[in-house]
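> Sequence first, predicted coordinates after that:
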Amino acid sequence: MTAPRDKLGRPVVVVTGMGIMTSLGAGKADNWAKLVAGESGIRTITRFPVDGLKTTMAGTVDFVSVDPFSSTGLSERMAEIVTQEALEQAGIGAKADFPGPLFLAVAPVEVEWPQRRELGRAVGAPDFTYDDLLRISGGGKYSAYHHRFMFGSVAAHLAETFGTKGSPISLSTACASGATSIQLGVEAIRRGETDAALCVATDGTVNPEALVRFSLLSALSTQNDPPQAASRPFSKNRDGFVMAEGAGALVLESYEAATARGARILGVIAGCGELTDSFHRTRSSPDGKPIIGCMNKTLADAGMTPDQIDHINAHGTATPENDKMEYNTTSAVFGDLISKIPVTSNKSMVGHTISAAGAVEAIFSLLTLEHQRIPPTINYETPDPTILFDVVGNKARDARVTAVMSNSFGFGGQNASLILTREPA
Amino acid sequence: MTDTTSKPGQTEVWITGIGLATSLGEGLDANWTALQEKRINVDQTGFAPYIVHPLMPVSFDSQIPKKGDQRQMEAWQRIGTYAAGLALDSAGIKGNKDILSKIDMVVAAGGGERDLNVDTGVLTAEAKGANAPGFLNERLMSDLRPTLFLAQLSNLLAGNIAIVHGLGGTSRTFMGEEVAGADAARIALARIASGESDIALIGGSHNGERKDLMVLYEFGDFNLKDKFAPVWARKDHAGFALGSAGAFLVLESRAHAEARGAKPFAKLSSVVADLARRKHPGDMAATLEKLWAKLPRREGKGAIITGATGAEPATSEERGFLKGHAEFPVRSTGTMFGHTMETQFPLGLALAALSISRGALFPPNDSTGTEIEMQGAPTQIVVVGAGHWRGEGMALVEAVG
């Protein structure tokens, strides 16, 4: 390892700690073992009744207990566990004293059905209006719900628990949120505002209304049986994404600060980029220009050319439109090289962890760099003949991997990409 | 402490566009006139016993020409998309494809505007005995409008702004109530000051006329009830009256603005923010004091515009902090505009820039003596935003020297 600064004269940003949780399990070791073995975390939902739903499976995290249960509570608990794992690995700061800011990708927060139903029951009458609900909400009986359902509550809890500095930022860029949290951390370090940043992304929102919302937009797979085979990125018979829960945490540091304290460097965030698509609320511009521009911006930010990327960790949601668009845009950026670059979608196994996905997949990309082994895209039985990626189908592949591009695209025209490398360029 | 201050050698950041749609009116002149006349627009009956500052009706068509776009949004998004358009107009960049294709957007947003009929329908049916395991699923599948989700998603305010006004740069949405507005300005300022960005659209919007939000704040007994009073006169009758507003600003590097001949309202010199633990009395005031000390040295004629909510104990803590800086005349936006949550800080920035550009602070509107008259033109205005529950932000807006 050499220069503490990149080609553009900015501090090199490295990763010194990682923590992860998905429907496959808790922690890097467990997740990685299952991921390269091609195991699926998708299962039939047992958390709530699925009668009347078109989609009855998801990648739920059922091994973490939260009481009283809420999606926001689960998001918070998962974030706490993965942050703990990342901090233990990084060995940075002191207990409850992290020397930098927090950037948290978190699903939008709102009062949830269990709490709404509790209010409904508390009215104590068979007929009532919304005003009656409002009338009984005060008086302190439900004050804990105020705190729980503040948008900033998860970040405030993490900031207080881990002693991050300054105002923690809670952000949402839909399915790109996890990547955006990393980007904010990278920028803060590059500007010299801090030597370290804690970037966390979490999503625990598999609940009835969230499933219904995505169902009504026809975004979810309905191949419920067997659930493990539902998520089929790049397959001809793919029919939508599978909702999933998970969290990821990364400790970012300047290369200089990390080496000064003798920290083990797990990888480098060599580049990040984002570009808005103003075409439509849920669909990409048919010409793909915003996504192409996003990838090109990211390459430029890393000071790299397409031939230096030797693996792509795809967004790969398994919706008919995403995968097609992702192939068209990626091949526009990489040209003839695209047939030689192995591509995989972790979502085939862990589902789509929505707000967490960008961070979860960045961590899987860094583990790929560490192990020089690319996790498979499972359920790849019937390749889509129009998607000519070199998909790492069904079985993990050993490969020389020096630089990974990880892509995230979301509703609202959100596109974000990251380039992760083993060592500073 | 995270802070952003233009350092020597860093570029100066100007406020070159302001868009306001509030309970007092649309546009800068209407809001300025209402402030001069000490007008306050509150509805004390529509949501009684709760009080709201309703949006002064606007013609959404003028900024959101396609009805199809309007239908895809709920009120909070329409207000924001409208105000964002006004800000782009004000900066003279509406429809300027070269600039809009690279503008960086940082939006402070809440979300989750609900269909109250659907919610009430489910709950009353359950109260009457509907208890089949799939009852909730089936009702939601049949009753929810498919597009409602997109009207609820926090980042779809930014998404709608991009679609309607053709913004193609970057887009980030911050959540987290009041301080999200300060952090949006802080990050945009940092990016421009360091040269990562040339121009940014920042702001937020809020629909205060929402019973689902009132339920959330009623959980904590934060809603102002029964009788309106200025923020500083609510000590024994605490709470905030939700307000509807959209407030957006165009921030721009001095060089970028000068190259296109744009005139500044003011410059944004510094934005700082923190998270006080608020476990003990004085915690929040101490954090405000720390933030104050972080702002660049103030030598000019100063004033303070605060988004104090009227909620306790936060507002009493803030009053204590303000007493220590009594030489700065104070104005509370909560009294005139209500509490607009994520939008309150951008609103404060907008009014600070407007006051500087018009050479006068707007008059006090307070019965307690906390707000005093100011003679002469302010050259430096500190914008304060302390959340009703968590989060503290502060900014320094200055005349361009």
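Arrived safely, thanks for sending.
> Could you tell me how many residues sit around the nearest residue to A:Arg43 once chain neighbours are set aside?
Closest residue to A:Arg43 in three dimensions, ignoring its sequence neighbours and counting by C-beta to C-beta, 6 or more residues apart in numbering or on different chains: A:Pro227, at 5.2 Å. Using the backbone N, CA and C atoms, a C-beta is placed for each residue, glycine as well. Using other C-beta atoms under 10 Å in any protein chain shown, A:Pro227 is surrounded by 22 other residues.
> Could you do the one 5 residues further on as well?
A:Arg232 is flanked by 27 other residues according to other C-beta under 10 Å.
> Taking the centroid of chain A, which residue is nearest it?
Geometric centre of chain A, nearest residue: A:Ala357, 1.7 Å, by C-alpha atoms, centre = their mean.
> for it, phi and psi?
With angles defined as degrees, to the nearest 10, A:Ala357 shows backbone torsions of phi -60, psi -40.
> list the contacts for it?
A:175, A:177-178, A:201, A:203, A:246, A:315, A:347, A:408 (C-beta atoms under 8 Å, 6 or more residues apart in numbering or on different chains).
> Helix, strand, or coil at A:Leu252?
On the three-state scheme (DSSP: H, G, I helix; E, B strand; the rest coil), A:Leu252 is labelled strand.
> Convert stretch A:393-402 to PDB, retaining C-alpha atoms only.
Extracted C-alpha coordinates of stretch A:393-402, given in PDB (Å, rounded to 0.1, in the frame of the first residue of the first chain):
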ATOM      1  CA  GLY A 393     -24.900 -19.000 -11.900                       C
ATOM      2  CA  ASN A 394     -25.800 -21.300  -9.000                       C
ATOM      3  CA  LYS A 395     -22.300 -22.100  -7.900                       C
ATOM      4  CA  ALA A 396     -19.700 -19.800  -6.300                       C
ATOM      5  CA  ARG A 397     -16.700 -19.100  -8.600                       C
ATOM      6  CA  ASP A 398     -13.100 -18.600  -7.600                       C
ATOM      7  CA  ALA A 399     -11.700 -15.600  -9.400                       C
ATOM      8  CA  ARG A 400      -9.100 -12.900  -9.300                       C
ATOM      9  CA  VAL A 401     -11.000  -9.900  -8.100                       C
ATOM     10  CA  THR A 402      -9.300  -6.500  -7.600                       C
END
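> buried ones in that stretch?
Within stretch A:393-402, the residues that count as buried by 16 or more other C-beta atoms under 10 Å in any protein chain shown are A:393, A:396-397, A:401.
> Need the residue closest to the centroid of chain B.
Most central in chain B under C-alpha atoms, centre = their mean is B:Thr343, positioned 1.5 Å from the mean C-alpha point.
> That one: what's its closest spatial neighbour, skipping adjacent residues?
Of all residues apart from its sequence neighbours, B:Gly204 sits closest to B:Thr343 (C-beta to C-beta, 6+ apart), at 4.1 Å.
> next one: A:Pro424
Nearest in space to A:Pro424, with sequence neighbours left out and distances taken as C-beta to C-beta, 6+ apart, is A:Val12 at 4.7 Å.
> Now do the contacts for the one you found.
A:3-6, A:254-256, A:268, A:424.
> repeat that with 10 Å
Taking C-beta atoms under 10 Å, 6 or more residues apart in numbering or on different chains as the contact definition, A:Val12 lies against A:1-6, A:189-190, A:253-256, A:258-259, A:265, A:268-270, A:421, A:423-425.
> before we move on, the earlier item: tell me which element the residue nearest to B:Thr343 falls in.
Per DSSP states H and E: B:Gly204 is located in strand B:199-206.
> close to chain A, is the very next helix or strand once past that strand?
Beyond strand B:199-206 on the C-terminal side, the first helix or strand identified by DSSP H and E is helix B:211-219. Yes: among the residues of helix B:211-219, B:211-219 lie within reach of chain A under C-beta under 10 Å from any C-beta of the partner chain.
> Now render the residues you listed as JSON lines, adding neighbour count, distance to A:Ala159 and pLDDT.
As requested, these are arranged in JSON lines below (neighbours: other C-beta atoms under 10 Å in any protein chain shown; distance: C-beta to C-beta, whole Å; pLDDT from 0 to 100):
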{"residue": "B:Lys211", "neighbour count": "19", "distance to A:Ala159": "31", "pLDDT": "98"}
{"residue": "B:Asp212", "neighbour count": "18", "distance to A:Ala159": "27", "pLDDT": "97"}
{"residue": "B:Leu213", "neighbour count": "23", "distance to A:Ala159": "24", "pLDDT": "98"}
{"residue": "B:Met214", "neighbour count": "23", "distance to A:Ala159": "28", "pLDDT": "98"}
{"residue": "B:Val215", "neighbour count": "28", "distance to A:Ala159": "27", "pLDDT": "98"}
{"residue": "B:Leu216", "neighbour count": "25", "distance to A:Ala159": "21", "pLDDT": "98"}
{"residue": "B:Tyr217", "neighbour count": "24", "distance to A:Ala159": "22", "pLDDT": "98"}
{"residue": "B:Glu218", "neighbour count": "25", "distance to A:Ala159": "26", "pLDDT": "98"}
{"residue": "B:Phe219", "neighbour count": "25", "distance to A:Ala159": "22", "pLDDT": "98"}
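> Closest one to A:Phe214 out of those, please.
Using C-beta to C-beta, the shortest approach to A:Phe214 within the residues of helix B:211-219 next to chain A belongs to B:Asp212, at 21.0 Å.
> ok, now how distant is the closest one from B:Glu26?
Using C-beta to C-beta, to the nearest Å, we find B:Asp212 at a distance of 25 Å from B:Glu26.
> quick check: mean pLDDT across the helix or strand hosting A:Ile363?
According to DSSP H and E, A:Ile363 maps onto helix A:357-371. Helix A:357-371 shows a mean pLDDT of 98 in the predicted model.
> do the same with stretch A:327-341
Regarding stretch A:327-341, the rounded mean pLDDT is 97.
> And stretch A:277-285, by the same measure?
Stretch A:277-285 comes out at a mean pLDDT of 92.
> How far off centre is that stretch?
On the basis of C-alpha atoms, centre = their mean, to the nearest Å, stretch A:277-285 is displaced by 20 Å from the centre of the chain it belongs to.
> okay, how far is it across it, tip to tip?
By C-alpha to C-alpha, to the nearest Å, the extent of stretch A:277-285 from end to end equals 7 Å.
> and it, which residues are buried?
Taking 16+ other C-beta under 10 Å as the neighbour-count basis, stretch A:277-285 is seen to contain the buried residues A:277-279, A:281-282, A:284-285.
> Count the neighbours of residue 349 for me.
Just going to use chain A. One way to gauge burial is a neighbour count; for A:Met349, by other C-beta under 10 Å, it gives 32.
> look at chain B instead
Taking other C-beta under 10 Å as the criterion, the count of residues near B:Leu349 is 32.
> Now do the SS call for it.
The local conformation at B:Leu349, judged by three-state DSSP, is helix.
> Quick check, it in contact with B:Arg186.
No: under the contact definition of C-beta atoms under 10 Å, B:Leu349 does not touch B:Arg186, with a separation of 11.1 Å.
> I'd like the buried residues of stretch A:393-402 as TSV, with pLDDT and secondary structure appended.
Listed next are the buried residues of stretch A:393-402 as TSV, based on pLDDT from 0 to 100; DSSP: H, G, I helix; E, B strand; the rest coil:
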residue	pLDDT	secondary structure
A:Gly393	98	strand
A:Ala396	98	coil
A:Arg397	98	strand
A:Val401	98	coil
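> burial of B:Gly68, as a residue count?
Other residues lying near B:Gly68 total 8 when counted by other C-beta under 10 Å.
> Excluding covalently adjacent residues, which one is nearest to residue 254?
No chain specified, so I'll use chain A. In space, and not counting its chain neighbours, A:Ser254 is closest to A:Pro11: 4.2 Å by C-beta to C-beta, 6+ apart.
> Can you look at chain B instead?
Once its chain neighbours are removed from consideration, B:Arg254 has its nearest residue in B:Glu12; the separation is 4.2 Å (C-beta to C-beta, 6+ apart).
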